[in-house]
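> turn this into a model:
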Amino acid sequence: MQPHPADPTHPAGLGQVIHLTRSIAQNSFGVGQVALNMASEQALAGVPSVVWTLDSPETASQIADVNRLPKDLIRPFPMSRPGFLGFSREMELAARDSSLTRPMIVHQHMIWLMYSRIPALLRASSAAKVLIAPHGALDDWALAKSRGKKLLARWIYEGQNLRAADCIQATSEREVANIRDF
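Reported below is the predicted structural model:
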């Protein structure tokens, strides 16, 4: 059994599963809770796991307390401005630092925000496999919302992110069809 990231002999980010999500707060529409539940269950099974989020340290600590999770299961990163882009300079720096971060698996929850650039950075610094769960973000109604912004994101980073993924996870038959159509 591998040590949990809380173990001082286990360097944070080495050989673990990193779950990427914009938020774990209640306003994450359940996506954050999915990431937390998966990371928590993986850690209990002996697989070192952590959730990288753009929530504040205070929010991360509060969510950990409410869910009775170890605080080191959640790694908050400060969001860079403008906030609606879902970008963190510090998260990108951590992803580039191969001495600190060499995950086995990167599990990205949701798409269309700039943290979608993180899997490519982590793959470059390690041999990480990338799993992307769009969580409905490829449905017709979702694609129609902020269509211009999504077209730009697709051209700049999201298209390559999805093409390079080792796996795209669907949560329903409808999502399988949406992924194929996209």
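
> got a list of what the residue nearest the centre of the chain touches?
Geometric centre of the chain, nearest residue: residue 20, 1.1 Å, by C-alpha atoms, centre = their mean. Listed by C-beta atoms under 8 Å, 6 or more residues apart in numbering, the contact set of residue 20 reads 35, 52, 106, 107, 108, 109, 115, 118, 119. The C-beta positions use only the backbone N, C-alpha and C, and glycine is treated the same way.

> quick check: the gap between residue 109 and residue 176.
Here residue 109 is placed at a distance of 17 Å from residue 176 (C-beta to C-beta, to the nearest Å).

> quick one: which of these two has more around it?
residue 109 (26 against 12; other C-beta atoms under 10 Å).

> quick check: beta-bridge partners of that one?
Counting by DSSP bridges, residue 109 is bridged to residue 133.

> and the strands in this structure?
Secondary structure of the chain (DSSP state E): strands at 17-21, 49-53, 74-76, 105-109, 129-133, 167-168.

> dump those strands into JSON lines; add distance to residue 153 and mean pLDDT as well.
Compiled in JSON lines, the strands of the chain are given as follows (distance: least, C-beta to C-beta, whole Å; pLDDT from 0 to 100):
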{"stretch": "strand 17-21", "distance to residue 153": "15", "mean pLDDT": "96"}
{"stretch": "strand 49-53", "distance to residue 153": "19", "mean pLDDT": "95"}
{"stretch": "strand 74-76", "distance to residue 153": "23", "mean pLDDT": "95"}
{"stretch": "strand 105-109", "distance to residue 153": "14", "mean pLDDT": "96"}
{"stretch": "strand 129-133", "distance to residue 153": "14", "mean pLDDT": "96"}
{"stretch": "strand 167-168", "distance to residue 153": "16", "mean pLDDT": "96"}
